[in-house]
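Participant: fold the stuff below for me.
(2 chains)
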There are 2 protein chains.
Amino acid sequence: MKLLEDRIRQDGIVIGDDILKVDNFLNHQMDPQLFEAMAKEWKRLFEGVDINKILTIEASGIGIACIAGLEFGCPVVFGKKSRSRNTPEDVYSAEVRSFTRGTVNTVTVSKKYLGPQDRVLVIDDFMATGEASEGLIRIVKEAGATLCGVGIAIEKAFQDGGDKLRSEGIRVESLARIASMNEKDGITFK
Amino acid sequence: MKLLEDRIRQDGIVIGDDILKVDNFLNHQMDPQLFEAMAKEWKRLFEGVDINKILTIEASGIGIACIAGLEFGCPVVFGKKSRSRNTPEDVYSAEVRSFTRGTVNTVTVSKKYLGPQDRVLVIDDFMATGEASEGLIRIVKEAGATLCGVGIAIEKAFQDGGDKLRSEGIRVESLARIASMNEKDGITFK
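Facilitator: Presented below is the predicted three-dimensional model:
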């Protein structure tokens, strides 16, 4: 998606060769107009697919997922992160390792808000090694819901998360796919 | 706002006489269509006020704030919560006590995304004793930005947060104001 690629080129800050800071418009300060354009693009890509729920993860997935929910006309559920491994019985849970932070969080979703009747689009801001999306997908499966696809804003395509999911037959639609990046040469998109 | 009051009556769960669970549509599962109606109502209430930034707090403020940002046509910044009191130099910070959880969080906002040029609407899902909003307001002041008002989804008007801010001359627009509630009699709105 050219609009997003242009914005990443303009406002993204590359640190080293694997960190991309986009907190100017995506995950600290957020640009709702850009999110609306992204939501319309996911809606176009998943045209004809029967989706009745969007699942994301706190915190930075919530904004894009909510505006996607407006476009798809369906409710949005966000997985809650906690450090505790003791989860109550009324939630689905998955452990998710953060590639950038080196921490492990337990992500939980109330059983009330996900079930066999749900046809789910997973939305998240970033995909690198795919841990967060895989955690959400495990929760979708545990709930007996149907996974319709994964919508990602920025995929670090030089890491294996996206292709790992695609090789399992999961439809992954990333709006910007970074082929390579480093401080000196900037960003190349796929 | 009748639509929100009706939804609280329909889906809200009162526990004891001061806890209201609205995780069916507001802060775990979210209803973007309802958020859009709420955003339009804030837009109507703040008609004529020059607002160029929305400030909220993670996690449950992000969804409503983003959709409000779409309506107001301005960027949205969310304060990040952490348990650490050591904050880097490039952020504004405020300590916020959680009334419901009994914990203290440090809320931070990057200095890059808030400054004297900003005319800020603070948005949050709940107001009870007002600690979270007061923390965000302290950050607005520290940044030298102008506070235009506070938009709250649900105000527990039987607690003093909203009136404390109003008595300081701050404009607080709560879309549903709960006068009283308990398990037996349900909810009464102001």
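Participant: need phi/psi at residue A:175.
Facilitator: phi -80, psi -20 (degrees, to the nearest 10).
Participant: give me the neighbour count for it.
Facilitator: Residues contacting residue A:175 under the criterion other Cβ atoms under 10 Å in any protein chain shown number 21. Just so you know, the C-beta spots here come from the backbone N, C-alpha and C atoms, and that holds for glycine as well.
Participant: surely it and residue A:38 touch.
Facilitator: Yes - here residue A:175 reaches residue A:38: they are 5.6 Å apart, a contact under Cβ atoms under 8 Å.
Participant: how much space separates residue A:182 from residue A:77?
Facilitator: Using Cβ to Cβ, to the nearest Å, we find residue A:182 at a distance of 37 Å from residue A:77.
Participant: near chain B, which residues of chain A?
Facilitator: Residues of chain A lying close to chain B (Cβ under 8 Å from any Cβ of the partner chain) are A:23-25, A:28-33, A:35-36, A:58-59, A:62-63, A:65-67, A:69-70, A:73, A:75-78, A:80, A:109-110, A:112-113.
Participant: filter those residues down to the buried ones, PyMOL style.
Facilitator: In PyMOL, this line selects whichever of these come out buried by 16 or more other Cβ atoms under 10 Å in any protein chain shown:
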select buried, chain A and resi 23+24+25+28+29+30+31+32+35+36+58+59+62+63+65+66+67+69+70+75+76+77+78+80+109+110+113
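Participant: name the helix or strand for the residue sitting nearest the centre point of chain A, please.
Facilitator: In chain A, the residue lying closest to the centroid (Cα atoms, centre = their mean) is residue A:124, at 1.4 Å. When elements are assigned from DSSP states H and E, residue A:124 belongs to strand A:119-127.
Participant: can you name every helix or strand that the helix or strand just after that strand contacts?
Facilitator: Once the chain leaves strand A:119-127, the next helix or strand it forms, by DSSP H and E, is helix A:131-142. Packing contacts for helix A:131-142, counted by 3 or more Cβ pairs under 8 Å, 6 or more residues apart in numbering or on different chains; DSSP states H and E, involve strand A:53-57, strand A:76-82, strand A:91-97, strand A:104-110, strand A:119-127, strand A:146-156, helix A:161-167.
Participant: most tightly surrounded among those?
Facilitator: strand A:53-57 (a mean of 28; mean count of other Cβ atoms under 10 Å in any protein chain shown).
Participant: from the residues of chain A next to chain B, which land in helices?
Facilitator: With DSSP state H as the criterion, helices contain A:32-33, A:35-36, A:62-63, A:65-67, A:69-70 from among these.
Participant: Throw the residues you listed into TSV and include pLDDT, thanks.
Facilitator: Rendered in TSV, the data for those read as follows (pLDDT from 0 to 100):
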residue	pLDDT
A:32	98
A:33	98
A:35	98
A:36	98
A:62	98
A:63	98
A:65	98
A:66	98
A:67	98
A:69	98
A:70	98
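Participant: good, wrapping up.
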